[in-house]
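Visitor: pasting the sequence and the predicted model now:
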Amino acid sequence: MIPVYAGSRVRDAEIPLLRDSSDLSLMRRAADALAHQAVLMLKEHTGRLYGSRVVALVGPGNNGGDGLFALSAMARRGVAVTAVLLASHAHQEGLAALVRAGGRTAAAKALDGLLEECDLLIDAAYGTGLRPGVRLPAIPRHIPVLACDVPSGVDADTGAAADSVIPAERTVTFGALKTGLVVGAGHLVSGRIRVTDLGLNPTLGEPEAWVVQGDDLGLLLDRDLGWSAAGRHKYQRGVLGLLAGSARYPGAAVLSARAAVATGLGLLRTIVPENVAAALTSQVPEAVPLGTDELTALLAHNRRNGREGATRIGAWAIGPGLEDTPETRRHLQQILAANNPCVIDASALAMLEPGEHSQLRILTPHAGELNALLAKAGVRVSPRDIAADPIRWARWAAVAYDCVVLLKGSATICTAPDGYALIVHASTPDLATAGSGDVLTGILGTLLAAANFPATPATVDATALTHRLTDLAAAGALIHAHAGALAAREGTVSAVDLLVELPRAARDLGL
Ligand SMILES: NC(=O)C1=CN([C@@H]2O[C@H](COP(=O)(O)OP(=O)(O)OC[C@H]3O[C@@H](n4cnc5c(N)ncnc54)[C@H](O)[C@@H]3O)[C@@H](O)[C@H]2O)[C@@H](O)CC1
């Protein structure tokens, strides 16, 4: 798990160190790392170093200073370097170092001409000190861009990006991974990210979030529970109830059911409308239908005897393809009252009310659904606000609905009401495909059912429980993303391709 900090927090940690370090050692370390990546990119793109031409956009602050020192290091290695000074002043020591090394400076109006013969652009215009309202020059797409600390135009705290943001092929970031590089638009324009340690960690405090990767899966699932251990019978491997599907969206129920089974579920009980039942039985023969009367009887029994009672349903997955009918609402209310952990998706989200409750819930909205959830809770935001600061608004919803929120997007954000947040990067944009969310719901349902949450959550530390739920949400997103990556190797990705790859994805990640 990689800790992520708001850009302003890293900047605040740097300031005292900068004051104390008259020898500019931090800046030189940052600049050396930047120059090293620039050399790698030049070799990759031009096959040579000596005689290649590098232009840097240099802003008025320390970000520009990093760029100037990096250019001077490259000039000493035979690269023809030019610093394009965007403001009337620039970092003095950096400028002096550049001139000493034989580098040139130019005014902003010379940029277009310089870009005509440029092998690499270093973007050192603005970093963590960016204020809103910036206007940046347009860079032709064919020129590879290396961003210094943060692509200019990206808010390092939130991931919001100015319209004129300069997308980077690579970003070398200093001190710590910054939130703005891993969520929102910032994530989409940062390219490959390298973190250069500046020894700031002891002064940074608690991270704002963590980026999780494939090898974190064991940790997230808490393998001590050994839920997939040999010898466990099907009830111990998890029993999931699925409330999904409608005449209009029969496929959604099938996709969720198949995903749940493919992730290693013990037993699947399904409540689907009659006209979906035949398709479900033929395509998911493992599923065992649960009739309305049986549900009512089992849940009543469950309320009397605790969750481990006769239902043996450990968790619920609710929502894919569901239609808002009186019967659906009745089922939903029964299930929500029964207190099993559940994952709630798609149209079921619109049937929820904000407020406290005693159930463990993961809500899985995309940005539009998050907007609607927040509006219902009296929080007025626009989809643009959410795109500009997704972690913040996912947290608001987690508080308003007293649940874990998994906000879908190119970066998936999983957050608990106390702010604990995990970020999972989809390895392929193709995951934004119809039915992909239904597959994720099935995966999450299986993980919840297998997790064996205690029957009486009130006796257990509530924060620990919601953190565990957040971990499982991120684990589900990781498995989903990995299945997407495997499927993308064969071409474009459909939800069925994800299903096909799920068992391999789960096995690859050590499930
Ligand atoms: N000096 C050092 O030793 C180190 C510096 N680092 C660098 O320092 C950067 C932060 O430096 P600063 O705090 O100086 O901030 P920046 O260099 O990011 O930008 C601040 C400057 O840009 C101007 N500016 C900001 N927004 C503007 C806008 N919208 N329009 C016009 N001008 C605008 C400000 O007036 C100020 O002059 C980091 O991003 C990083 O690159 C560190 O990463 C490493 C250590």
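Guide: Arrived safely.
Visitor: make it CA atoms for all contacts and neighbour counts henceforth
Guide: Noted.
Visitor: please list the residues of the protein that sit near the ligand.
Guide: Applying Cα under 6 Å from any ligand atom, we find that the chain lies next to the ligand at 18, 24, 26-27, 30, 60-64, 66, 126-134, 148-149, 174.
Visitor: out of those, which sit inside helices?
Guide: Secondary structure from DSSP state H places 18, 26, 27, 30, 62, 63, 64, 66 of the residues of the chain next to the ligand in helices.
Visitor: quick one, what contacts the closest residue to the second one other than its chain neighbours?
Guide: Here the nearest residue to residue 26 in space, its sequence neighbours aside, is residue 198; by Cα to Cα, 6 or more residues apart in numbering that works out to 6.7 Å. With contact set as Cα atoms under 8 Å, 6 or more residues apart in numbering, residue 198 has these partners: 26, 29, 30, 174, 175.
Visitor: follow-up on the earlier one: among the ones in helices among the residues of the chain next to the ligand, which pair sits farthest apart?
Guide: Distance extremes for those: the farthest pair is 18 and 64 at 15.0 Å, using Cα to Cα.
Visitor: the spatially closest residue to residue 329 that is not a sequence neighbour: neighbour count?
Guide: With sequence-adjacent residues excluded and distances taken as Cα to Cα, 6+ apart, residue 329 is closest to residue 351, at 7.5 Å. For residue 351, the number of neighbouring residues by other Cα atoms under 10 Å comes to 15.
Visitor: quick one: average confidence on the one helix or strand residue 507 maps to?
Guide: Assigned by DSSP states H and E, residue 507 belongs to helix 495-508. For helix 495-508, mean pLDDT is 92.
Visitor: could you say what helices and strands that helix packs with?
Guide: In terms of contact count using 3 or more Cα pairs under 8 Å, 6 or more residues apart in numbering; DSSP states H and E, helix 495-508 is assigned the packing partners helix 250-262, helix 436-450, helix 462-488.
Visitor: in contact with the closest residue to the ligand within the stretch 151-300 of the chain, which residues?
Guide: Nearest residue of the stretch 151-300 of the chain to the ligand, counting by Cα to the nearest ligand atom: residue 174, 4.6 Å away. Residue 174 sits next to 30, 149, 195, 196, 197, 198 when contact means Cα under 8 Å, 6+ apart.
Visitor: do the same with residue 119
Guide: Contacts of residue 119 by Cα under 8 Å, 6+ apart are 42, 45, 46, 52, 53, 54, 143, 144.
Visitor: can you pick out the ones from those residues that are in strands?
Guide: 53, 54 (DSSP state E).
Visitor: returning to that earlier point: so of the helices and strands packed on helix 495-508, which one's packed in deepest?
Guide: Mean neighbour count (mean count of other Cα atoms under 10 Å) peaks for helix 436-450 among the helices and strands packed on helix 495-508, with a mean of 30.
Visitor: on that earlier part again, would you list the buried entries among the ones in helices among the residues of the chain next to the ligand?
Guide: Neighbour-count burial (16 or more other Cα atoms under 10 Å) applied to these gives 26, 27, 30, 62, 63, 64, 66.
Visitor: skip the chain neighbours and tell me the closest residue to the residue of the stretch 151-300 of the chain closest to the ligand.
Guide: Spatial nearest neighbour of residue 174, excluding adjacent residues (Cα to Cα, 6+ apart): residue 196 at 4.9 Å.
Visitor: show me where the stretch 51-200 of the chain has its helices.
Guide: For the stretch 51-200 of the chain, applying DSSP state H, counting those that start in this stretch gives helices covering 62-75, 92-100, 111-115, 179-182, 184-189.
Visitor: so which of those helices is nearest residue 419?
Guide: helix 179-182 (13.9 Å).
Visitor: counting by contacts, list what that closest one packs against.
Guide: Short answer (3+ Cα pairs under 8 Å, 6+ apart): helix 179-182 packs on helix 184-189.
Visitor: so how far is the helix it packs on from its chain's centroid?
Guide: From the chain centre to the centre of helix 184-189 is a distance of 11 Å (Cα atoms, centre = their mean, to the nearest Å).
Visitor: same question for that helix, mean pLDDT?
Guide: 94.
Visitor: which of the residues in it are buried?
Guide: Across helix 184-189, burial judged by 16+ other Cα under 10 Å covers 184, 185, 186, 187, 188, 189.
Visitor: ok, so of those residues, who is nearest residue 243?
Guide: Distance to residue 243 across the buried residues of helix 184-189 (Cα to Cα) is lowest for residue 184, with 31.5 Å.
Visitor: state the pLDDT value of the residue nearest to residue 174.
Guide: As predicted, residue 196 sits at a pLDDT of 96.
Visitor: ok, residue 59 next?
Guide: pLDDT, residue 59: 98.
Visitor: repeat for residue 118
Guide: 97.
Visitor: before we move on, back to that, and of the helices and strands packed on helix 495-508, who's closest to residue 115?
Guide: Closest approach to residue 115 among the helices and strands packed on helix 495-508 (Cα to Cα): helix 462-488, 34.7 Å.
Visitor: elements contacting that closest one?
Guide: helix 217-221, strand 361-363, strand 404-407, strand 411-415, strand 421-425, helix 436-450, helix 495-508.
Visitor: contact partners of the first one?
Guide: Taking contacts as Cα under 8 Å, 6+ apart, the residues outside helix 217-221 that touch it are 451, 468, 471, 472, 474, 475, 478, 509, 510, 511.
Visitor: let's see that with 7 Å instead.
Guide: Identification of contacts with helix 217-221 by Cα atoms under 7 Å, 6 or more residues apart in numbering yields 471, 472, 475, 509.
Visitor: ok, so of the residues you listed, who is nearest the ligand?
Guide: For these, the residue nearest the ligand by Cα to the nearest ligand atom is residue 471; the value is 30.8 Å.
Visitor: how about the closest one, what does it touch?
Guide: Residues near residue 471 by Cα under 7 Å, 6+ apart: 220, 221.
Visitor: number the chain from 24, please
Guide: Right, with 24 as the first residue, what we last looked at is residue 494.
Visitor: quick one: it and residue 471, what's the gap?
Guide: As for residue 494, its distance to residue 471 is 11 Å (criterion: Cα to Cα, to the nearest Å).
Visitor: give the contact list for residue 58.
Guide: Applying Cα under 7 Å, 6+ apart, one finds that residue 58 lies in contact with 93, 96, 97.
Visitor: for whichever strand or helix holds it, buried residues please.
Guide: Residue 58 is part of helix 48-69 when elements are defined by DSSP H and E. By 16+ other Cα under 10 Å, the buried positions in helix 48-69 come out as 49-58, 60-62, 64-65.
Visitor: what is the lowest-pLDDT residue among these?
Guide: Within those, pLDDT is lowest for residue 49, at 89.
Visitor: excluding its backbone neighbours, what's nearest residue 322?
Guide: Per Cα to Cα, 6+ apart, closest to residue 322 is residue 361, 6.1 Å.
Visitor: state the number of residues packed around that neighbour.
Guide: Using other Cα under 10 Å, residue 361 has 20 other residues around it.
Visitor: against the ligand, how distant is it?
Guide: Per Cα to the nearest ligand atom, to the nearest Å, residue 361 is found 51 Å from the ligand.
Visitor: may I have the phi/psi pair for that residue?
Guide: For residue 361, the backbone dihedrals (degrees, to the nearest 10) come out as phi -80, psi -10.
Visitor: can you give me the neighbour number for residue 154?
Guide: A count of nearby residues for residue 154, using other Cα under 10 Å, gives 11.
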